[in-house]
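> Provided below are the primary sequence and the corresponding predicted coordinates.
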Amino acid sequence: MNSKKIEEMLTNLRQELEEIEPLEGAQSQALESLKQELDRYLELAEQDSLHSLWERLRQSVEYFEESHPKLTAAINEAINILVSSGV
């Protein structure tokens, strides 16, 4: 998968994160951390930062899988796309 499609997918995920209702505690921290990681990649668009982003996405699933299944599905899709692109 080319970097343009990865960037588009991550931009869509970032927009979805903005639509999440306010969270508390660990979920709020996980959400903010994920937003920052996505912003960092979208700003730099460096292949090296994709592995770090992939790790953050994997960690985020545990915080959201029960309370936000739609978000978890989007994160899992992003993980799968990154894996298929060689990350």
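Noted; the coordinates are in hand. As the structure is a prediction and not an experimental result, all values here were calculated from the model.

> Show me where this structure dips below the pLDDT cut-off.
1, 46-48 (pLDDT under 70).

> Spell out the residue ranges of the helices in it.
3-18, 25-44, 48-64, 69-84 (DSSP state H).

> could those helices go into JSON lines alongside mean neighbour count?
For glycine as for every other residue, the C-beta is placed from the backbone atoms N, C-alpha and C. Converted to JSON lines, the helices of the chain look like this (neighbours: other C-beta atoms under 10 Å):
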{"stretch": "helix 3-18", "mean neighbour count": "14"}
{"stretch": "helix 25-44", "mean neighbour count": "15"}
{"stretch": "helix 48-64", "mean neighbour count": "16"}
{"stretch": "helix 69-84", "mean neighbour count": "15"}
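
> For residue 25, give its distance to residue 67.
Residue 25 sits 11 Å away from residue 67, going by C-beta to C-beta, to the nearest Å.

> same check, this time on residue 20
For residue 20, the distance to residue 67 - C-beta to C-beta - is 10 Å.

> Look at those two and report which has more neighbours.
Using other C-beta atoms under 10 Å as the criterion, residue 20 and residue 67 rank with residue 20 on top: 16 against 12.

> Against residue 74, how distant is the more buried one?
According to C-beta to C-beta, residue 20 stands 11 Å off from residue 74.

> who touches the spatially most central residue of the chain in this structure?
Centroid-nearest residue in the chain, with C-alpha atoms, centre = their mean: residue 57, separated by 4.8 Å. Residue 57 sits next to 34, 75, 78-79, 82 when contact means C-beta atoms under 8 Å, 6 or more residues apart in numbering.
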